[in-house]
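In: Quick one: sequence plus predicted model below, questions after.
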There are 2 protein chains.
Amino acid sequence: MSNEQRITPRAEDFSAWYNDVIMRAELADYSPVRGCMVIRPRGFRIWELMQGALDAKFKETGHENAYFPLFIPESFLAREAEHVEGFAPQTAVVTRGGGKELEERLVVRPTSETIIYAMLAKWVQSYRDLPVLLNQWANIVRWEMRTRLFLRTTEFLWQEGHTAHATQEEAEQETLLILGLYRQFMEEWMALPVITGVKTESEKFAGAVRTYACEGLMQDNKALQAGTSHFLGQNFAKAFNAQYQTASGGLEYVWSTSWGVSTRLVGGLVMTHGDDVGLVCPPKLAPEQVVIVPIWKSGDEKDAVLRVARQVTAELQAAELRTTLDGRDSVKPGAKYYEWESRGVPVRLEIGPRDAEKQQAVLARRTGGKAPVPLAGITDVTSRALIEIQAGLLEAARVYREQNSVRGVTKDQLIELMDGPGGFAYGGFCGDVACEEAIKQRTKATIRALPDPEFQSDPAPTTCVWCGDKSVTEAVWARAY
Amino acid sequence: MSNEQRITPRAEDFSAWYNDVIMRAELADYSPVRGCMVIRPRGFRIWELMQGALDAKFKETGHENAYFPLFIPESFLAREAEHVEGFAPQTAVVTRGGGKELEERLVVRPTSETIIYAMLAKWVQSYRDLPVLLNQWANIVRWEMRTRLFLRTTEFLWQEGHTAHATQEEAEQETLLILGLYRQFMEEWMALPVITGVKTESEKFAGAVRTYACEGLMQDNKALQAGTSHFLGQNFAKAFNAQYQTASGGLEYVWSTSWGVSTRLVGGLVMTHGDDVGLVCPPKLAPEQVVIVPIWKSGDEKDAVLRVARQVTAELQAAELRTTLDGRDSVKPGAKYYEWESRGVPVRLEIGPRDAEKQQAVLARRTGGKAPVPLAGITDVTSRALIEIQAGLLEAARVYREQNSVRGVTKDQLIELMDGPGGFAYGGFCGDVACEEAIKQRTKATIRALPDPEFQSDPAPTTCVWCGDKSVTEAVWARAY
């Protein structure tokens, strides 16, 4: 896509806008391989910054990285009944290797519980070997019919945590610890406010006892499941005979969890903050946090302006602000502004001849606003601007979400909302899967979560939005990615 | 493998020793998937530290990370004739996806040139788009008949750099830049001295014009190809029609390079430095650089000793030395020593009641030597010890290599050497593939490299070691992994 092509406005076609933004910012591209995307350097840098932040959090909480095989024998997948039912239809299968038909076909991992529990059963003998707190950064393959860049691709990148514990209580604590850690990352780094809660039986992970999720609301009022944390009980331990000797000499199955976030988060970042000009990147995850654009007409001006621009670049880089100097001769300042804006760079510093003379720069924020700032102390001013932009994006997204959340919906309101603007709809739920299914059929909305206490309505709903029977829990409905 | 099982001595069976060391140090394990290994946290940590160092070097030299699909359409592989011949027999092939037979079978990437050039052809239009300097960290699958942990597995992890340039000269410079960067990493981080040079036609990468390699000598006197850097000429550019418009308006194919190192380096580290007690880890790549073992008998002693041990741990950690306090009650100090030695931890600090009283610790080096050191200034003393150990390992490995290198070998000496102790054999080579093949048949030795000037003999050999004809180049022979 060339710079000349326009970005489709969000109001015209959100889905086209999304693709345009990604192509213009060069985050990713379509590949010649069905359903697979290429993550280009600018998109991969965002993922790397996400990885850095998450990996530090995992390590701080005692987790270690490891690596398990890409291939899983087909028979392994089948050992946990719900698991195989959920994943088998989506698999890519290797049937040939080294020029021969394989005796046992190999599935390209759609998730790694089975292969990991086959190993844990060997490694864990005694309560002294517990807990095992593992994580792996890996590629995953799930055959998808309809794909979308970052959000749904046949191959994607993720981290998958897998932990084994001596007690149910400890495993449940771990599940919630990770849920909280995900939420914190999404809010503090992605400026993506999420609600947390439990999934219903029909929405939970295939093989889990209970699935918790972080759900964000995108600008088209559809929900994005941004991360999940599963309490697996002893399901996989039993399927793979992962037992340990207790302190008192007995034999028990381990209790376990798994949890993951993926490159879909990059898509979530785009859909939360982007505007009709293009990407808006939260400063903490921006490949470039600051771009410096020198402006000149004559050669004399160029020398003077570039000298100042280089000084400022060096100063900001020394303070570890990710700073780029765009000194290209062949591109006019206005075109540079537009290019860097479409790439989502949070702060632009313009330095013209008069600025150089007055020892100042013009600081323009991607989120709006432009003012001259003195070069003395420019690092502090720029750092502060980045912090404000980060906080402002989170606050704006939170306000947006609340404006597009309706509490205590009735059946009619739910239908009206989902036929119309969309958003989060909070209401009572009788717990009957028939109601859940009926709502999905009529509105295409699913229960995103049974919200955690912090997100529950006060007063609590008393009747099911659909059947009018007694409500056993509050639920949040939305159409979702 | 339990702690009680002995490690096979190197002299008895080097290959068994190698496996024992890896299993004992818990670097990796065999998986139930044919030819695939599991990299356990301790082994993965070494790889992560390697990744960190290499990735920083790649970024400093202007490379960006990206991610390309795992799957490659079978027809892509076939576009470059030598390439498909080299890789097709080794591939794993996906023939089913989403429950159906695929129309075009997908190869699990054995290397990514083809898929990357398919994209480059789209992205690169003009000389202004060059150079493209890409790297990806990824998993690779090559069907292997005989596998060995880290050294040769069906799936392995690696980085693959791929760059495209406007001129041949620039691409050749890039190839050498990376070769130098690899060598520097291997020497400074792995304490693995390598010789560098060009591969012969029969040993080069399938599809390259010229392959450069770093070759190390292991303790069993076999060579390990530790990294390769390929000048690809315009081979892949032509196969995928990757052309660009030159500054003068003409159309030319890009010139390109590719280069990689893999998790095999972890195996190289083991075989370079390990001893009969187990792993010896160069401090810069050690998951734990320092282990602190408190020693006590009575409860009073325990309190006093642990208090000091915790202080020292905190102090070393604050100085960013990777430090572990082994305060386990259930294991005796001697058993702890042995366990941490087998895991290769470079420095152990023992703190007993009398040490605590005298405000000292006993510093034991994994490479030998043990002495009391005062607690005041222990961070400096420990840091210095780590630097000395790192330097000592490199020097020892260099001395070992030189002692096991023979220059100016004759035919008889070459045979005797390769039938006997092995090592690097330097000699003249007529350049004829028939001699190369005959030597391989008789001695199982291959030409590891035509050495770069720094490693060439003086005087240069004048005749071919095998046929006695005029030598056109010096060559280094060895049996190799």
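Out: Thanks, I have it.

In: Give me the buried stretch members for the single longest helix found in chain A, please.
Out: Ranked by residue count under DSSP state H, the longest helix found in chain A is helix A:378-403. Residues A:378-379, A:381-383, A:385-386, A:389-390, A:393-394, A:396-397, A:400-401 are the ones in helix A:378-403 that count as buried (16 or more other C-beta atoms under 10 Å in any protein chain shown). Glycine gets a C-beta too; all of them are placed from N, C-alpha and C.

In: where in chain A is pLDDT low?
Out: Confidence mapping of chain A against pLDDT under 70 gives the ranges A:1-4.

In: hmm, 80 instead?
Out: A:1-5 (pLDDT under 80).

In: and it, what are its domains?
Out: Residue ranges for the domains of chain A, per automatic domain parsing: A:14-273, A:283-400, A:405-478.

In: Which one of the buried residues of helix A:378-403 is nearest to residue A:323?
Out: residue A:382 (8.6 Å; C-beta to C-beta).

In: Which of the helices or strands spans residue A:162?
Out: Using DSSP states H and E, residue A:162 maps to strand A:155-165.

In: That strand - contacts with which helices or strands?
Out: helix A:41-60, helix A:113-123, strand A:132-141, helix A:168-188, strand A:255-262 (3 or more C-beta pairs under 8 Å, 6 or more residues apart in numbering or on different chains; DSSP states H and E).

In: what's the spacing between that strand and its chain's center?
Out: 14 Å (C-alpha atoms, centre = their mean, to the nearest Å).

In: do stretch A:67-80 as well
Out: Taking mean C-alpha positions (C-alpha atoms, centre = their mean), stretch A:67-80 and its chain are 26 Å apart.

In: does chain B sit close to it?
Out: Yes. Using C-beta under 8 Å from any C-beta of the partner chain, stretch A:67-80 reaches chain B at A:67, A:68, A:69, A:70, A:71, A:72, A:73, A:76.

In: hmm, back to that, ok, the buried residues of helix A:378-403 vs residue B:463, which is closest?
Out: residue A:379 (66.1 Å).

In: you'd agree residue A:356 is up against residue A:302?
Out: No. Residue A:356 is beyond contact range of residue A:302, at 10.5 Å (criterion: C-beta atoms under 8 Å).

In: Those two - which one has more neighbours?
Out: For residue A:356 versus residue A:302, neighbours defined as other C-beta atoms under 10 Å in any protein chain shown are more numerous around residue A:356 (23 against 16).

In: In terms of helices and strands, where is the more buried one?
Out: Here residue A:356 is assigned to helix A:353-357, by DSSP H and E.

In: next helix or strand past that helix?
Out: strand A:360-365.

In: What strands flank that following strand, and is each parallel or antiparallel?
Out: strand A:347-351 (antiparallel), strand A:370-374 (antiparallel) (DSSP bridges).

In: ok so, going back, now, which of the buried residues of helix A:378-403 sits nearest chain B?
Out: Of all these, residue A:386 has the smallest distance to chain B: 21.2 Å, by C-beta to the nearest C-beta.

In: residues contacting the closest one?
Out: Applying C-beta atoms under 8 Å, 6 or more residues apart in numbering or on different chains to residue A:386 gives the contacts A:283, A:289, A:290, A:321, A:346, A:347.

In: Please tell me I have it right and residue A:168 contacts residue A:255.
Out: Yes. Contact criterion C-beta under 8 Å: residue A:168 and residue A:255 qualify, at 5.0 Å.

In: ok and the residue in the stretch 151-300 of chain A nearest chain B?
Out: Of all residues in the stretch 151-300 of chain A, residue A:155 sits closest to chain B, at 5.3 Å by C-beta to the nearest C-beta.

In: sorry, that was for the stretch 251-400 of chain A
Out: Counting by C-beta to the nearest C-beta, the stretch 251-400 of chain A gets nearest chain B through residue A:330, at 7.7 Å.

In: Can you report phi and psi for that residue?
Out: phi -80, psi -10 (degrees, to the nearest 10).

In: Look at the nearest residue to it once chain neighbours are set aside and tell me its secondary structure.
Out: Nearest non-adjacent residue to residue A:330, counting by C-beta to C-beta, 6 or more residues apart in numbering or on different chains: residue B:128, 7.7 Å away. The three-state label for residue B:128, taken from DSSP: H, G, I helix; E, B strand; the rest coil, comes out as helix.

In: next one: residue A:460
Out: Residue A:460 ends up coil, using three-state DSSP.

In: and what of residue A:38?
Out: strand.

In: what about residue A:246, how many neighbours?
Out: Residue A:246 sits with 14 neighbouring residues when counted by other C-beta under 10 Å.

In: Okay, it and residue A:166: tell me how far apart.
Out: Separation of residue A:246 from residue A:166 (C-beta to C-beta, to the nearest Å): 7 Å.

In: Give the residues shared as contacts by these two.
Out: Common neighbours of residue A:246 and residue A:166 (C-beta under 8 Å, 6+ apart) are A:127, A:252.

In: residues touching the residue nearest the centre of chain A, list them.
Out: Nearest to the mean C-alpha position of chain A, by C-alpha atoms, centre = their mean, lies residue A:265 at 2.1 Å. Each residue near residue A:265 by C-beta under 8 Å, 6+ apart is listed here: A:47, A:50, A:186, A:190, A:226, A:227.

In: Format the CA atom coordinates belonging to stretch A:270-278 as CSV.
Out: Extracted in CSV, the C-alpha atoms of stretch A:270-278 (Å, rounded to 0.1, in the frame of the first residue of the first chain):
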residue,chain,number,x,y,z
VAL,A,270,-4.6,-1.3,16.9
MET,A,271,-8.4,-1.5,17.4
THR,A,272,-8.3,0.2,20.8
HIS,A,273,-6.3,3.3,20.0
GLY,A,274,-6.1,3.7,16.2
ASP,A,275,-7.8,6.6,14.4
ASP,A,276,-8.6,7.6,10.8
VAL,A,277,-5.1,8.8,10.3
GLY,A,278,-3.7,5.4,11.3
